[in-house]
Structures are given as C-alpha cells and as structure tokens.
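Asks: no sequence for this one, just the structure:
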C-alpha cells in the first residue's frame, strides 16, 4: 500500500521550533518531488514549501521564508520540514504530498499524486 505518514506536530509556544517528518512506505521518494502544505480552519489548503527530486532546489511561501527549511534524505525515504520562529498564524494541519510528474515540485494542490493524513501544529502561549 502506497502511503505517506507525517509526524512531529504538536503544541509549541510562539518563537519555538518543530521538525516535521514525512515518510513514505510502499514506494520510493527518489522519483517524486515533495511538497508541504497546510490548512487552517476555514481556510484553503496552501503550499508552504517544496523540494525537487534531488533535493537541490527548494521553494518557500513568502510567509515562511527564512523561518522554515525543507530537506530530504532519500536513503531514509523521508522529507523534513524544520520550522523555527513559529508564529500563531502558523497554526494549521500540515500535510506532505508527492508529485511524480514535476521534477521541481509546485504549490499547486492538484499536481500531487499522494497525500499524507496530516499532522496538527498549534502555536500558542
């Protein structure tokens, strides 16, 4: 069964850090670009960051640039999202997704083939 599983979410105070992980089972992430998305209550799902198949190219939404870092370890079949200087507006369910067609990835939800179940990130004092 092809599956993506996110982990690492939780409750953190403003200014704190979390590292999210996205691990694939049933298929190799080597052939996929990976995106991280988030969805807050009452809002549309939005792209946060994406990484190319090789890991050599990364992109970030303006709202997280300089605070979040995406990386991948293909040997572990895992992609990470390091989130620093977290703000209350970062509160959302975070999802990872895998795209077979686009080498570099994108922030377009419809481009992605597989999605994880999501992990909750809450930034609050």
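Replies: Done, it's in. All values reported here derive from a predicted model rather than from experimental measurement.
Asks: Just the buried residues of stretch 60-71, please?
Replies: Neighbour counts over stretch 60-71 (16 or more other Cβ atoms under 10 Å) mark 60, 61, 64, 68, 70 as buried. In short, each C-beta sits where N, CA and C put it, glycine included.
Asks: Equivalent analysis for stretch 25-33, please.
Replies: So, applying 16+ other Cβ under 10 Å, buried residues of stretch 25-33: 27, 29, 32, 33.
Asks: List of residues touching that stretch?
Replies: 1-3, 5, 24, 50-53, 72, 74, 77-79, 98-100, 102-106, 113-114 (Cβ atoms under 8 Å, 6 or more residues apart in numbering).
Asks: Apply 10 Å and report the result again.
Replies: Residues from elsewhere that reach stretch 25-33 (Cβ atoms under 10 Å, 6 or more residues apart in numbering): 1-5, 22-24, 50-55, 57, 59, 72-79, 96-106, 111-114.
Asks: Quick one: residues contacting the residue positioned nearest the centre of the chain.
Replies: For the chain, the residue nearest the mean C-alpha position is residue 36 (2.4 Å; Cα atoms, centre = their mean). Counting by Cβ under 10 Å, 6+ apart, residue 36 touches 6, 20, 22, 47-51, 60-61, 64, 68, 70, 79-81, 83, 94-97, 105, 107, 116.
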